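Chemist: Let's see this in three dimensions:
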Amino acid sequence: MENVQRQIKYFNSNVSQTTQLLDIWVRVLSQTMHNQGYLQNPEWHGGQTDIAQLEGLVQRDIQREEEAERKRRAAEMEREEREKEARERREREHRRAEQEAEARTTQVRPRGVGRRPPPGPAARGRGAPTRRGTQRGSLIPPATNSRIRPPR
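Modeler: I've put the predicted structure just below:
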């Protein structure tokens, strides 16, 4: 009985080793068929060519990424430039508005502050005497205290 058990163990170990060898053989055969497929393919030019093609693809991808990054940076710079120009334009407009407001508030009135200007010819009526006592279009020269000087 012990002898039969030893023979069964020996047989089981042989079956296990045979299974392992068969698995190895199947993997070798599969790899051989795979290699044969490459060798029979007319478009395949060898491992060196494959490596060169892969490197070319990687290089192309890198160039695309760099180009996309360059375009992104250029767009960002353009956007910042537009924002800067808009900000400067707003500042110029703000300064101009401040200067205009300041000029309006500091403007000297010809007849003094707080006085109403004298009424114009429309308020006096057509042909009515002016402050100087003459009619419009008269040949009498104006008063000598005028700020307007006659041409020489």
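Chemist: Secondary structure element for residue 78, which one?
Modeler: helix 47-106 (DSSP states H and E).
Chemist: what residue ranges in this structure are flagged as low confidence?
Modeler: Applying pLDDT under 70 to the chain flags residues 108-146.
Chemist: Residue ranges of each domain in it, please.
Modeler: 1-35, 45-104 (automatic domain parsing).
Chemist: Let's have those domains in a markdown table, adding distance to residue 151 and mean neighbour count.
Modeler: All C-beta atoms are positioned from the backbone trio N, CA, C, and that covers glycine. Below are the domains of the chain laid out as a markdown table (distance: least, Cβ to Cβ, whole Å; neighbours: other Cβ atoms under 10 Å):
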| stretch | distance to residue 151 | mean neighbour count |
| --- | --- | --- |
| domain 1-35 | 108 | 10 |
| domain 45-104 | 29 | 10 |
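Chemist: Out of these, flag the one nearest residue 147.
Modeler: With Cβ to Cβ, the closest approach to residue 147 among the domains of the chain belongs to domain 45-104: 20.8 Å.
Chemist: Now do the helix holding residue 78: which elements does it pack against?
Modeler: Helix 47-106 is packed against no helix or strand, with contacts defined by 3 or more Cβ pairs under 8 Å, 6 or more residues apart in numbering; DSSP states H and E.
Chemist: quick one: residue 148 from residue 107, how far?
Modeler: 19 Å (Cβ to Cβ, to the nearest Å).
Chemist: Sorry, wrong one. I was asking about residue 70.
Modeler: Here the criterion is Cβ to Cβ. By it, residue 70 lies 55 Å from residue 107.
Chemist: do the same with residue 7
Modeler: Plainly put, residue 7 is 126 Å away from residue 107 if you go by Cβ to Cβ.
Chemist: same check, this time on residue 23
Modeler: Counting by Cβ to Cβ, the gap from residue 23 to residue 107 is 104 Å.
Chemist: Then residue 14?
Modeler: 118 Å.
Chemist: Quick one: classify residue 45 as helix, strand or coil.
Modeler: Under DSSP: H, G, I helix; E, B strand; the rest coil, the three-state class of residue 45 is coil.
Chemist: Good, we can wrap up now.
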